[in-house]
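> I'd like to go over a predicted model; first the sequence, then the structure.
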Amino acid sequence: MKDELLEQAEKMGFSLVGVADPELFERYPRIRKPAESEEYWSRPHEIWPAGRSVVVLGLHCREEVLDALVRMDNLFGSFYWEIIRHREYRLRDWFGEQGCEAQITDDVAVKRAAVLAGLGHVGRNSLVAHPEYGSNLRFGLLLTDAEMAFDEPNDPFESAPCGDCRRCEEVCPGEAISDYRVEFSRCIIPAAEGWLSDDEEMIREARRIQQRGEVLEVECNLCQKACPLNEAG
Ligand code: SF4
Ligand code: SF4
């Protein structure tokens, strides 16, 4: 089943696939969504107790494609997510054809899932960096009752190989990044959209930065652009 899944996901155009044990999620502390909120991501068995495998799907996003899409008309935020969702539906149907059930969910912390499926480690910019693709990735997730060999999980508390680098922290216009954590209320994406942050000066600065064209219209990926782990892709 695992080999067939890998073959099918590759045919559908996913760059990465990993399978995690749902039990593993119980071993680690819950994650807030976003970090400053009082809400927590669910664990897979809370969503579907019969789920036997967590399938994490990664799509590599080429930087020049992201930049081009944004310049076309603010498609950055949704373009790759739409592709992933479309392929997730197809993969869910494929599981059905194999006699198994699969559920798409957005309620499990997908970065934690990617790490537990062996797809990378979290870097100082709080993104999952894969050894080949870096952090220019988007992830999707399915739960399935199919039993498959799990991938070797990574340790969620082990860092990506950032070493002494602090480029993402230095380049962030909102000073949102500090030691493997992004303070979401200081990231200019929500600030520029006028929500979450109540720091009026930061919101004004976010808009000024956007108007100067230093970051993209409704998005900012400076922390990814600065990252040497992304140089290969
Ligand atoms: S997206 Fe921009 S503002 Fe948000 S954390 Fe990254 S560099 Fe900072
Ligand atoms: S920019 Fe440097 S510190 Fe930040 S995630 Fe990349 S390697 Fe790590």
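Nice, thanks for sending it over. Ligands and ions are numbered 1, 2, ... in the order given.
> quick one: low-confidence ranges for the protein?
Scanning the chain for pLDDT under 70 picks out 34-37, 66-78, 190-198, 202-203, 206-207, 209-219, 232-233.
> Around ligand 2, pick out the residues from it.
Selection of the chain residues close to ligand 2 by Cβ under 6 Å from any ligand atom yields 123-125, 160, 162, 165-168, 226-229. Backbone N, C-alpha and C define where each C-beta goes, glycine included.
> Could you identify the buried members of those?
Buried by 16 or more other Cβ atoms under 10 Å: 123, 124, 125, 160, 162, 165, 167, 168, 226, 227, 229, out of those.
> can you put those residues in a markdown table and add distance to ligand 1 and secondary structure?
Output for these, formatted as a markdown table (distance: Cβ to the nearest ligand atom, whole Å; DSSP: H, G, I helix; E, B strand; the rest coil):
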| residue | distance to ligand 1 | secondary structure |
| --- | --- | --- |
| 123 | 12 | coil |
| 124 | 11 | coil |
| 125 | 7 | coil |
| 160 | 15 | coil |
| 162 | 15 | coil |
| 165 | 14 | coil |
| 167 | 10 | helix |
| 168 | 7 | helix |
| 226 | 8 | coil |
| 227 | 10 | coil |
| 229 | 14 | helix |
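> sorry, back to before: among the residues of the chain next to ligand 2, which two are most distant?
160 and 226 (14.0 Å; Cβ to Cβ).
> Check for me that residue 95 belongs to a strand.
No. Assigned with DSSP: H, G, I helix; E, B strand; the rest coil, residue 95 falls outside any strand and is helix.
> So which bits of this protein are right by ligand 1?
Contacts of the chain with ligand 1, taken as Cβ under 6 Å from any ligand atom, map to 172-174, 176-177, 182, 187-189, 220-223.
> how about 5 Å then?
172, 174, 176, 187, 188, 220, 222, 223 (Cβ under 5 Å from any ligand atom).
> out of those residues, who's nearest ligand 2?
residue 223 (6.7 Å; Cβ to the nearest ligand atom).
> what sits against that closest one?
125, 127, 168, 171, 172, 177, 182 (Cβ atoms under 8 Å, 6 or more residues apart in numbering).
> Spell out the residue ranges of the strands in this structure.
16-20, 53-60, 102-104, 121-122, 128-129, 137-144 (DSSP state E).
> Which of these has the highest mean neighbour count?
Most buried of the strands of the chain, by mean neighbour count (mean count of other Cβ atoms under 10 Å): strand 128-129, with a mean of 26.
> now for that one, which elements pack on it?
Where contact means 3 or more Cβ pairs under 8 Å, 6 or more residues apart in numbering; DSSP states H and E, strand 128-129 is packed against helix 110-116, strand 121-122.
> Look at residue 21 and say how many residues are nearby.
A total of 18 residues lie near residue 21 under the criterion other Cβ atoms under 10 Å.
> With adjacent residues omitted, what lies nearest to it?
Using Cβ to Cβ, 6 or more residues apart in numbering and skipping residues adjacent in sequence, the residue nearest residue 21 is residue 150, 4.6 Å away.
> before we move on, the earlier item: so which of the residues of the chain next to ligand 1 are in helices?
Using DSSP state H, the members of the residues of the chain next to ligand 1 that fall in helices are 188, 222, 223.
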